[in-house]
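Asker: predicted model and sequence below, questions to follow.
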Amino acid sequence: MNGSTQPAFLALWNGIAREDDRAEYEHWHTFEHVPERTALPGFIEAERYRGTDPARGYFTLYQLDALKALDTPLYRDVFTHPTPWSARMRATLSNFYRLPCVRAGQHGLSRAPRLATLRWRSNATDLAARLNGWLAEQVLHGRLVHAAWGWAPPTEAYWKPNIAEDGVGGEGVEHCALLQHFDARALEATSAALTAFLQPMATGLGTPQSFELQSTVRNPSVLEPSTERLAPHTTLFHHYTRG
């Protein structure tokens with residue numbers, strides 16, 4: 001996998017198929033699924049977000065030592081042999097889109113609870129220098145609290161293919177930007193400004209999506225990577241088991 005030794009992140013967007021499943025989805029995702037993934041070797045931390053639009057979709061961000069974290073035997077095991085709760089909840093996912101990225105830039109020392117994501121395609125050779133300079137300027141002037149972005153190499157086989165339209169189109173390498181601020185209007189304005197900035201360099205350009213932070217979890221074994229999966233959360237699984 002190209003870029004497998006550089007700092008990376010895994011970005012995932014999804015909705016839920018039925019509103020009746022929302023409460024169970026949020027408990028499963030918060031208490032079992034994301035902690036299980038985050039405890040794997042090479043995973044550092046995760047942030048869970050919920051969309052601010054009426055559809056209330058979800059975005060999950062995993063920080064990785066490198067993309068090779070997605071090639072470990074334990075990672076393969078968790079998605080080829082899901083827990084009983086995960087196996088059941090997979091059917092509730094809609095508009096699934098998964099994007100492993102090599103991190104190409106990160107700016108700002110603080111974090112904020114409001115997030116905007118933007119995807120685009122580009123083969124511009126000067127993209128990194130121009131975009132990192134632009135993002136650093138936004139943080140310097142308080143228009144962003146934090147910003148990160150990366151590019152997506154060809155991905156490995158995964159249990160669930162992307163079923164959402166990428167909303168980008170065009171040819172070239174796919175990229176993703178992650179923008180944070182504490183003020184919704186400021187974040188919206190800077191997201192629009194980034195879209196305009198990227199337009200001349202992009203072969204395909206999506207639309208910014210806005211989210212609010214729900215929860216965070218950090219790998220409890222970063223210094224001494226675990227050799228076993230976390231145990232399933234059977235208490236909540238049985239609480240939501242029907243029949």
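Answerer: Sure, I can see it.
Asker: for the longest strand along the chain, buried residues please.
Answerer: Criterion DSSP state E: the longest strand present in the chain is strand 93-107. Buried residues in strand 93-107, counted by 16 or more other CB atoms under 10 Å: 93, 95-105, 107. C-beta coordinates here come from the backbone N, C-alpha and C atoms, glycine included.
Asker: mind putting those residues in JSON lines, distance to residue 209 and pLDDT included?
Answerer: Output for those, formatted as JSON lines (distance: CB to CB, whole Å; pLDDT from 0 to 100):
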{"residue": "93", "distance to residue 209": "17", "pLDDT": "94"}
{"residue": "95", "distance to residue 209": "11", "pLDDT": "92"}
{"residue": "96", "distance to residue 209": "14", "pLDDT": "93"}
{"residue": "97", "distance to residue 209": "10", "pLDDT": "93"}
{"residue": "98", "distance to residue 209": "15", "pLDDT": "93"}
{"residue": "99", "distance to residue 209": "13", "pLDDT": "94"}
{"residue": "100", "distance to residue 209": "18", "pLDDT": "95"}
{"residue": "101", "distance to residue 209": "16", "pLDDT": "96"}
{"residue": "102", "distance to residue 209": "21", "pLDDT": "97"}
{"residue": "103", "distance to residue 209": "19", "pLDDT": "98"}
{"residue": "104", "distance to residue 209": "20", "pLDDT": "98"}
{"residue": "105", "distance to residue 209": "20", "pLDDT": "98"}
{"residue": "107", "distance to residue 209": "20", "pLDDT": "98"}
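Asker: what would these look like in TSV with distance to residue 39?
Answerer: Formatted as TSV, these follow (distance: CB to CB, whole Å):
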residue	distance to residue 39
93	21
95	27
96	22
97	24
98	19
99	22
100	18
101	21
102	23
103	21
104	27
105	27
107	28
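Asker: now, which of those sits nearest residue 182?
Answerer: Nearest to residue 182 among the buried residues of strand 93-107 is residue 107, at 15.9 Å by CB to CB.
Asker: beta partners of the closest one?
Answerer: residue 147 (DSSP bridges).
Asker: repeat that for the one 10 residues further on.
Answerer: Judged by DSSP bridges, the bridge partners of residue 117 are residue 178, residue 209.
Asker: tell me which element the nearest residue to residue 237 once chain neighbours are set aside falls in.
Answerer: Spatially, and ignoring its direct neighbours in sequence, residue 237 is nearest to residue 85 (4.2 Å; CB to CB, 6 or more residues apart in numbering). In the assignment (DSSP states H and E), residue 85 maps to helix 84-89.
Asker: just checking, what packs against that helix?
Answerer: If you count contacts as 3 or more CB pairs under 8 Å, 6 or more residues apart in numbering; DSSP states H and E, helix 84-89 packs onto helix 22-28, helix 234-240.
Asker: which residues of this protein fall in helices?
Answerer: Using DSSP state H, the helices assigned to the chain run over residues 22-28, 34-38, 73-80, 84-89, 127-140, 184-198, 234-240.
Asker: nearest to residue 216, of those?
Answerer: Using CB to CB, the nearest of the helices of the chain to residue 216 is helix 34-38, at 9.2 Å.
Asker: picking up where we left off before, check what contacts the helix holding residue 85 and list those residues.
Answerer: With contacts defined as CB atoms under 8 Å, 6 or more residues apart in numbering, helix 84-89 is touched by 21, 24-25, 28-29, 32-33, 36, 232-233, 236-237, 240.
Asker: mind saving the C-alpha coords of that helix as CSV?
Answerer: Extracted as CSV, the C-alpha positions of helix 84-89 are listed here (Å, rounded to 0.1, in the frame of the first residue of the first chain):
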residue,chain,number,x,y,z
PRO,A,84,-22.7,-10.7,16.9
TRP,A,85,-23.7,-7.1,17.4
SER,A,86,-21.6,-5.8,14.6
ALA,A,87,-22.9,-8.5,12.2
ARG,A,88,-26.4,-7.3,13.0
MET,A,89,-25.7,-3.6,12.8
